[in-house]
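J.: how would this look folded up:
(2 chains)
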Amino acid sequence: DVKVTQSSRYLVKRTGEKVFLECVQDMDHENMFWYRQDPGLGLRLIYFSYDVKMKEKGDIPEGYSVSREKKERFSLILESASTNQTSMYLCASSLGRGLEQFFGPGTRLTVL
Amino acid sequence: DQQVKQNSPSLSVQEGRISILNCDYTNSMFDYFLWYKKYPAEGPTFLISISSIKDKNEDGRFTVFLNKSAKHLSLHIVPSQPGDSAVYFCAVPPGMRFGAGTRLTVKP
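T.: Numbers count the residues shown, from 1 in each chain, chains lettered A, B, ... in the order given. Prediction:
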């Protein structure tokens, strides 16, 4: 049974802070993804990774960076948090490209 | 520009009736489509998929139909149950790109 865990369910940060969101999967999946979910916009892809040390920009990468040093871990970094980055952040993993993704429970980030 | 569009933000149906959720896409090269379901405070979970070589895929109460000429797919839930109340997203790889979602409410 695939398990994707995210480091925090709720997070409150101040504008300008550096924020790390961690995601770990336990099924040896090659592919990992970060999304944000906002009302009326659905899930928007921020970054994804098809292998360790590899990263690809999604549709809204501005203001974010990622790190994939180990296969099971994919980190999303907000270099200088802004209020428009207040959102629900969802991490996912998949065995192969285009195959179904397994999601973590999400981190609700509030930037004040 | 959204590559996948769900134009109905919400849908309400009576228990036991059919729910039909719709999705339109822009790129005729897409060859695989997925539906996810999301409950509040949880991540989305995979529901059903369809390859472009098919026009229908069925799994229990859930059936997905694909109309390639219209670039349209739909998810049918029959019969609808209150536990089906959730937000439904259609999605296409690579990446995955998701639609904005449709909130389904099934009334007892």
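J.: only C-alpha atoms for contact and neighbour calcs from this point on.
T.: OK.
J.: For the residue in chain A that chain B sits nearest to, list the residues it contacts.
T.: Taking CA to the nearest CA, chain B has its nearest neighbour within chain A at A:Gly42, 3.6 Å off. A:Gly42 sits next to B:89, B:98-101 when contact means CA atoms under 8 Å, 6 or more residues apart in numbering or on different chains.
J.: Not counting its neighbours along the chain, what's nearest the residue nearest the centre of chain A?
T.: Nearest residue to the geometric centre of chain A (CA atoms, centre = their mean): A:Trp34, 3.0 Å. Nearest residue to A:Trp34, sequence neighbours excluded (CA to CA, 6 or more residues apart in numbering or on different chains): A:Cys91, at 4.7 Å.
J.: just B:Pro93 next, same as before
T.: Excluding its sequence neighbours, the residue lying closest to B:Pro93 (CA to CA, 6+ apart) is A:Gly98, at 4.8 Å.
J.: so, if you compare the contacts of A:Gly42, which one comes nearest to chain A?
T.: Using CA to the nearest CA, the shortest approach to chain A within the contacts of A:Gly42 belongs to B:Ala100, at 3.6 Å.
J.: ok, the closest one - contacts?
T.: B:Ala100 makes contact with A:40-43, B:5-6, B:9, B:89, according to CA under 8 Å, 6+ apart.
J.: In the residues you listed, which residue is surrounded by the most others?
T.: B:Phe89 (29 neighbours; other CA atoms under 10 Å in any protein chain shown).
J.: That one and B:Trp35 touch, don't they?
T.: Yes. B:Phe89 sits in contact with B:Trp35 when judged by CA atoms under 8 Å, with a separation of 5.6 Å.
J.: Roughly how far does the closest residue in space to A:Leu11 that isn't next to it in sequence sit from A:Ser7?
T.: In space, and not counting its chain neighbours, A:Leu11 is closest to A:Leu109: 4.8 Å by CA to CA, 6+ apart. For A:Leu109, the distance to A:Ser7 equals 12 Å [CA to CA, to the nearest Å].
J.: on that earlier part again, just give me the least confident of the contacts of B:Ala100.
T.: pLDDT across the contacts of B:Ala100 is lowest for A:Gly40, at 84.
J.: That residue - that's part of a strand, no?
T.: No. Counting by DSSP: H, G, I helix; E, B strand; the rest coil, A:Gly40 falls outside a strand, being coil.
J.: Quick check: chain neighbours aside, which residue is closest to it?
T.: Using CA to CA, 6+ apart, the nearest residue to A:Gly40 is B:Ala100, at 5.8 Å.
J.: Next, that neighbour: secondary structure please.
T.: Strictly by three-state DSSP, B:Ala100 counts as coil.
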